[in-house]
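In: Please work out how this folds:
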Amino acid sequence: MARITYIEWNGTRHEVDVRPGMTVMEGARDNGIPGIEADCGGACACSTCHVYVAPEWVEKLPPKDPMEADMLDFAWQPDAERSRLTCQIKVTPELDGLVVQMPEKQI
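Out: Okay, here's the model as predicted:
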């Protein structure tokens, strides 16, 4: 398991264990974490699972593929370096300790 910390817009923290092979989005969905809507169910067809990755984790994640980068154009206030779609981040043991923060809203 990898412990992932999801931080809501208001600062509320949720620390959950997510099984390797799942996505960061599935970890939020399965644990009832508010702020990640995932309207498309993880198909990278919307931007409603947008988060800001903690700065110390940006370089540790696999790079964004072109589809994810395109969908982030539709996210609420994307950050060129820190914004990611959680449906595109596969959980591995190396992601133990990952911290993500939800934006003020999802669009």
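
In: At the geometric centre of the protein, which residue do we find?
Out: Nearest to the mean C-alpha position of the chain, by Cα atoms, centre = their mean, lies Thr86 at 3.0 Å.

In: I'd guessed that residue sits against Val24; true?
Out: Yes. Proximity of Thr86 to Val24 meets the contact threshold set by Cβ atoms under 8 Å, at 3.9 Å. Using the backbone N, CA and C atoms, a C-beta is placed for each residue, glycine as well.

In: wait, what's in contact with the closest residue to Glu68 other than its chain neighbours?
Out: Once its chain neighbours are removed from consideration, Glu68 has its nearest residue in Gln88; the separation is 4.7 Å (Cβ to Cβ, 6 or more residues apart in numbering). By Cβ atoms under 8 Å, 6 or more residues apart in numbering, the contact set of Gln88 is Thr23, Cys44, Lys64, Asp65, Glu68.

In: how near is Gln88 to Thr12?
Out: 24 Å (Cβ to Cβ, to the nearest Å).

In: got it, and Pro93?
Out: For Pro93 relative to Thr12 (Cβ to Cβ), the value is 26 Å.

In: neighbour count winner among the two?
Out: Taking neighbours as other Cβ atoms under 10 Å, Pro93 and Thr12 compare with Thr12 leading, 12 against 8.

In: follow-up on the earlier one: show me what contacts the residue nearest to the centre of the chain?
Out: Remark: with contacts taken as Cβ under 8 Å, 6+ apart, Thr86 is in contact with Thr23, Val24, Met25, Gly27, Ala28, Ile36, Ala38, Cys49, His50, Val51, Val100.

In: Compare the residues you listed and tell me which has the most neighbours.
Out: For those, the largest number of neighbours (other Cβ under 10 Å) sits with Cys49, at 31 neighbours.
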